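Asks: here is my input, please return the structure:
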Amino acid sequence: MSAHNLSAVLKAHGNAVKLLRNSKIGMYVYPVVAAEFSNWRNEQVAWRKSAVLFDQTHHMDELIVEGPDAAAFLEHVGINSFANFDLNRAKHFVPVTPAGFVIGDMIIFREREDKFVLVGRAPTANWVKFQAAIGKWKVRLTHDPRSDSRPDGKAIYRTHYRFQIQGPEANKIFDKINGGPVPDIKFFHVDWIKIGSRRVQALRHGMAGAPGLEVWGPYADKHYIQTTILQAARDVGVDLALVGSRAYSTNTLESGWIPSPLPAIYTGGGMLQEYRDWLGADSYEAIGSIGGSLATDNIEDYYVNPFELGYGFYIGWKTDFIGKDALTKMKDQKNRKKVTLEWNRDDLLKVVASSFEEGVPYKWIDFPQPNYASTNADVLLNGKKPAGISMFNGYSFNERCMLSLGVVNDDVQIGDQLTLIWGEPEQTGKTSTEPHRQAEIRVRVSPTPYAREAREHYADSWRTKSGA
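Replies: Predicted structure coming up:
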């Protein structure tokens, strides 16, 4: 009999690390959107020099939570306080386990007093659905999972389209599509604008540090909205670049958000055991993958807490939420901190050159995105001592260097040189890895966000409080 839930899958494989490090899921895919519209280098440059259009319609889950208890329910599930969460605002929503470790994150919008929309990766959506299932909250949930990674010709439909327009020349486009100046929307606030004949909601946001708005509406309007935006850019003389999935996944390296921490749900009894029994055998948590040089039998070595990711400053300490007791103890400990790591050019070129030489090469580094698993974890050393983990890698044509985001021990300082171990110690069953050997790559500890534009022009947020 085939496994029917995550608990059965784990039992069949022996432990969680063995399951995830040998997953056959393949490379993580940003679905439907073309890999490149021009080329990924020019597309990266455009978010710094002119303007870009990100099509965010397909790679994220959307979860609508509504009902009389919606606000109280979500405040119980996530670490965020809702005290200042008025209508037409958004938050970065982060739930943790009872032990205080991060499950994932989503952006949450408050559309009515009793209606919220959450957008992001599957682990958080799954956890919220589970909490509604086991509780007695008066809420109703509607889940629209992300588009299929490999649809094989099948038609794809979503509830909503979602676009983001950003860049130093984005305001010219906004004024054109709106038929006049758009409202002065504060960071992470929502207002209404016009796009041609449609009235749409717009979130003030910016994923790479430049000015931007995120807009969304009924999926049936997607083609009209996109063509209207593109025509408006032509009318005002802005070189608006459509960004493909290759460049899109790298914008976070400049702005400092770690997008895919491992959901910390594979250990623990009580609620967590019940959750593993509830999750299906085909869930993200059951089929996802771990890649990198951190190879350990203890799955908890891959867990992170919100302080390490720079999210500690918006914990709602005055409210009761899952994991509060554990976080209360963690906040006074020496937690790791988030940093950007700048890879050494000569070491990087040595790794690339090995693929043009005889013998077993170093692990292939793909450009602009070398991540080869759902969750990445590469060992960082300070001399011979463990210093942290690198969690998300990529090449920035704007900065002309390979960067990664990770968490390091609290005594590591900006400017320190660490060593990143690239590649896995032994061949796993992942289809995204080839026979290879490990390499040592020097990395310089750098600020987060790395891009000066992001550091200087983001609103006061988790990006600028990464050491909180």
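
Asks: Asn371 and Asn393 touch, don't they?
Replies: Yes - applying Cβ atoms under 8 Å, one finds Asn371 in contact with Asn393, separated by 5.7 Å. In this view, the C-beta of every residue, glycine as well, is placed from N, C-alpha and C.

Asks: strands of the stretch 151-300 of the chain, start to end?
Replies: 160-166, 190-195, 198-204, 212-218, 240-243, 290-291 (DSSP state E, counting those that start in this stretch).

Asks: before we move on, back to that, give me the more crowded residue out of Asn371 and Asn393.
Replies: Asn393 (26 against 22; other Cβ atoms under 10 Å).

Asks: next up, identify which helix or strand that one is on.
Replies: Secondary structure from DSSP states H and E places Asn393 in strand 385-396.

Asks: wait, what's in contact with the nearest residue to Arg246 once chain neighbours are set aside?
Replies: In space, and not counting its chain neighbours, Arg246 is closest to Trp40: 4.4 Å by Cβ to Cβ, 6 or more residues apart in numbering. By Cβ atoms under 8 Å, 6 or more residues apart in numbering, the contact list for Trp40 reads 244, 246-247, 250, 368, 397.

Asks: switch the cut-off to 6 Å
Replies: Contacts for Trp40 were tallied using Cβ atoms under 6 Å, 6 or more residues apart in numbering; they are 246-247, 368.

Asks: and of those residues, the nearest to Trp47?
Replies: Trp47 lies nearest to Ala247 out of these, by Cβ to Cβ, at 8.5 Å.

Asks: output the strand holding Asn393 as PDB, nothing but the C-alphas.
Replies: What follows is strand 385-396, C-alpha atoms only, in PDB (Å, rounded to 0.1, in the frame of the first residue of the first chain):
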ATOM      1  CA  LYS A 385      35.000  26.100  12.800                       C
ATOM      2  CA  PRO A 386      31.400  26.100  11.700                       C
ATOM      3  CA  ALA A 387      30.200  29.600  11.200                       C
ATOM      4  CA  GLY A 388      26.700  29.300   9.700                       C
ATOM      5  CA  ILE A 389      25.000  28.300   6.500                       C
ATOM      6  CA  SER A 390      24.500  29.800   3.100                       C
ATOM      7  CA  MET A 391      20.800  29.400   2.000                       C
ATOM      8  CA  PHE A 392      20.200  31.100  -1.300                       C
ATOM      9  CA  ASN A 393      22.600  31.800  -4.100                       C
ATOM     10  CA  GLY A 394      22.700  33.800  -7.400                       C
ATOM     11  CA  TYR A 395      24.600  36.000  -9.700                       C
ATOM     12  CA  SER A 396      23.900  39.700  -9.900                       C
END
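
Asks: what helices or strands is it leaning on?
Replies: helix 251-255, strand 378-382, strand 401-408 (3 or more Cβ pairs under 6 Å, 6 or more residues apart in numbering; DSSP states H and E).

Asks: now do the last one against strand 385-396, angle only.
Replies: Spelled out, it's strand 401-408. 140 degrees (axes from the mean of the first three to the mean of the last three Cα atoms, to 10 degrees).

Asks: residues making contact with the helix or strand just after strand 401-408?
Replies: Following strand 401-408 in sequence order, the next helix or strand is strand 417-422 (DSSP H and E). Contacts with strand 417-422, where a contact means Cβ under 6 Å, 6+ apart, come from 293, 363, 378-382, 387, 390, 438-444.

Asks: of those, buried ones?
Replies: 293, 363, 378-380, 382, 387, 390, 438-439, 441-444 (16 or more other Cβ atoms under 10 Å).

Asks: buried residues in stretch 283-297?
Replies: Applying 16+ other Cβ under 10 Å to stretch 283-297 flags 283-295 as buried.
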